[in-house]
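J.: below are the sequence and a predicted model for it; my questions follow.
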Amino acid sequence: MLDMRPGCERCDRDLPANEDGALICSFECTFCTDCNDSIFKGTCPNCGGALFPRPTRTGAALDNFPASTKRIYKPHG
């Protein structure tokens, strides 16, 4: 199950689990679309893997399996 991390690792922008706008790699490194579009261009800066849109989690699924509250913030360059 995805952690659904709450923010962009580069800019710390909030990325709610029930909204579009987050991209993840296979290790669940999480970034916003703005950082991807302007800097990363679809490649995770941590592992070199591809970044893909993170699916959303809503309704009962989000209630039963809440998103992570652990923020990872590692601004790059």
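T.: Arrived safely.

J.: every contact and neighbour count from this point should use C-alpha atoms.
T.: Will do.

J.: quick one: the strands in the chain?
T.: With DSSP state E, the ranges of strands along the chain come out as 22-24, 30-32, 52-53.

J.: quick one: contacts for the closest residue to residue 32 other than its chain neighbours?
T.: In space, not counting the residues next to it along the chain, residue 32 is nearest to residue 22; the distance is 4.7 Å by Cα to Cα, 6 or more residues apart in numbering. Residue 22 is in contact with 8, 15, 30, 31, 32, 33, 53, 54, counting by Cα atoms under 8 Å, 6 or more residues apart in numbering.

J.: from the residues you listed, which is closest to residue 71?
T.: Here the nearest of those to residue 71, counting by Cα to Cα, is residue 8; it sits at 8.4 Å.

J.: that closest one contacts residue 70, correct?
T.: No. Using Cα atoms under 8 Å, residue 8 is not in contact with residue 70, being 11.5 Å away.

J.: higher neighbour count, these two?
T.: residue 8 (26 against 11; other Cα atoms under 10 Å).

J.: center of the protein, which residue is that?
T.: The chain has residue 30 as the residue nearest its centroid, 2.7 Å off, counting by Cα atoms, centre = their mean.

J.: for it, give its distance to residue 12.
T.: Going from residue 30 to residue 12 by Cα to Cα, to the nearest Å gives 10 Å.

J.: and what of residue 2?
T.: With distances defined as Cα to Cα, the gap from residue 2 to residue 12 amounts to 19 Å.

J.: higher neighbour count, the two?
T.: Set side by side, residue 2 and residue 12 show more neighbours around residue 12, with 17 against 13, by other Cα under 10 Å.
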